[in-house]
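# Predicted model follows, preceded by the sequence.
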Amino acid sequence: QVQLVESGGGSVQPGGSLRLSCAASGSIISITTMGWFRQVPGKQRELVGTTISGGRTNYADSVKGRFTVSRDNAKNTVYLQMNSLKPEDTAVYYCHGVFRTVVAGRETDFGAWGQGTQVTVSS
């Protein structure tokens, strides 16, 4: 099993910056994908940005040029640097990953979510 623990949420004024971190722990052979989603009450959870194979990263159009997802494979940690924050970025941010791990003696891909961290952008 794999567990994700997030940190770094909080409140910031419009135009400010925040950095979120998410550390994965457990029996991890390798990381397939790792990134961030967000959700506001009454809406579906949406992709913010995620790292995929080959070192590439996909971003939602709404955050391109403002947010950066980076990953430290040695620490099994993914980061979300958020700059030029807007009130519409207010949401609960969730870390998500797909990990190669061993379950019942067999290698398999295991998906995990973090507990979520609140980001509030308000003046």
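Thanks, I have the structure now. Numbering: from 1, shown residues only.

# tell me the pLDDT at the residue of the chain most remote from its centre?
Ranked by distance from the centre of the chain (CA atoms, centre = their mean), the top residue is residue 105, with 28.4 Å. pLDDT for residue 105: 88.

# Find the helix or strand that the most centrally placed residue in the chain is a member of.
With distances taken as CA atoms, centre = their mean, the residue of the chain nearest its centroid is residue 36 (2.6 Å). Residue 36 belongs to strand 28-39 when assigned by DSSP states H and E.

# Against which helices or strands is that strand packed?
Of the remaining helices and strands, those touching strand 28-39 by 3 or more CB pairs under 8 Å, 6 or more residues apart in numbering; DSSP states H and E are strand 18-26, strand 46-51, strand 67-72, strand 77-82, strand 91-103. In short, each C-beta sits where N, CA and C put it, glycine included.

# Straight-line length of stretch 113-123, end to end?
Using CA to CA, to the nearest Å, the end-to-end distance of stretch 113-123 comes to 30 Å.

# And the average pLDDT for that stretch is what?
On average, stretch 113-123 scores 97.

# coming back round to it: so the residue nearest to the centre of the chain sits against residue 46, correct?
No: assessed by CB atoms under 8 Å, residue 36 is found out of contact with residue 46, at 10.1 Å.

# Dump the helices and strands packed on strand 28-39 into TSV; add mean neighbour count as well.
Below are the helices and strands packed on strand 28-39 laid out as TSV (neighbours: other CB atoms under 10 Å):
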stretch	mean neighbour count
strand 18-26	18
strand 46-51	19
strand 67-72	17
strand 77-82	22
strand 91-103	19
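
# how about those in CSV, adding distance to residue 61?
Shown next, in CSV, are the helices and strands packed on strand 28-39 (distance: least, CB to CB, whole Å):
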stretch, distance to residue 61
strand 18-26, 20
strand 46-51, 10
strand 67-72, 11
strand 77-82, 15
strand 91-103, 16
